[in-house]
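K.L.:
The following block contains a protein sequence and its predicted model.
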Amino acid sequence: MKTYQEITITPINNVDSRAVKTGAWRTWRPVLIPEKCIHCYKCWKVCPDVAISVESPEEKSLPVWDYDYCKGCGLCAFECPKDAIEMQREVDQ
């Protein structure tokens, strides 16, 4: 049996996360409170599904979520230093 150091490092998924729409099974949705955002972009940096984009960091644009790819894990809200991201229960539209 191999030790964990001997196991080859491989990704969990064999395709880029942008190729897999995970938003369909989301239970919680991150919602930005723009007036609280300080443009630190920690949310963008920690998103495991590349579901957050920032159009122009130089101009301090707000982060934008692509809900097709956001699975609602809440890492963005957890890491936000100003509580500018609220996790809201997903409701049927």
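P.N.:
That came in fine, so what should we check first?

K.L.:
Could you pull out the helices in the chain for me?
P.N.:
42-46, 75-79 (DSSP state H).

K.L.:
Now tell me what touches the first one from outside.
P.N.:
The contact list for helix 42-46, computed with CB atoms under 8 Å, 6 or more residues apart in numbering, reads 30, 52-54, 63, 75-77, 79-81, 85. (Glycine included, C-beta is placed from N, CA and C.)

K.L.:
just those residues now: which is nearest T3?
P.N.:
Checking the contacts of helix 42-46 against T3 by CB to CB gives L75 as the nearest, at 29.2 Å.

K.L.:
Surely the closest one touches C47?
P.N.:
Yes - using CB atoms under 8 Å, L75 is in contact with C47, at 6.7 Å.

K.L.:
Of those two, give the one with the bigger neighbour count.
P.N.:
The neighbour comparison of L75 against C47 (other CB atoms under 10 Å) goes to C47, with 23 against 17.

K.L.:
Contact partners for that one?
P.N.:
70, 75-76.

K.L.:
sorry, back to before: turn the helices of the chain into TSV, columns for mean pLDDT and distance to W25.
P.N.:
What follows is the helices of the chain, written out as TSV (pLDDT from 0 to 100; distance: least, CB to CB, whole Å):
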stretch	mean pLDDT	distance to W25
helix 42-46	91	20
helix 75-79	95	17
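
K.L.:
rewinding a little: pick out the most distant pair among the contacts of helix 42-46.
P.N.:
Largest separation among the contacts of helix 42-46 by CB to CB: S53 and P81, giving 19.9 Å.

K.L.:
Pick out whichever of these two has more residues nearby.
P.N.:
Neighbour totals were compared for S53 and P81, and S53 leads with 12 against 9 (other CB under 10 Å).

K.L.:
give the contact list for the closest residue to the more buried one other than its chain neighbours.
P.N.:
Once flanking residues are discounted, S53 sits nearest to V64: 5.3 Å by CB to CB, 6 or more residues apart in numbering. Contacts for V64 (CB under 8 Å, 6+ apart) come out as 52-55.
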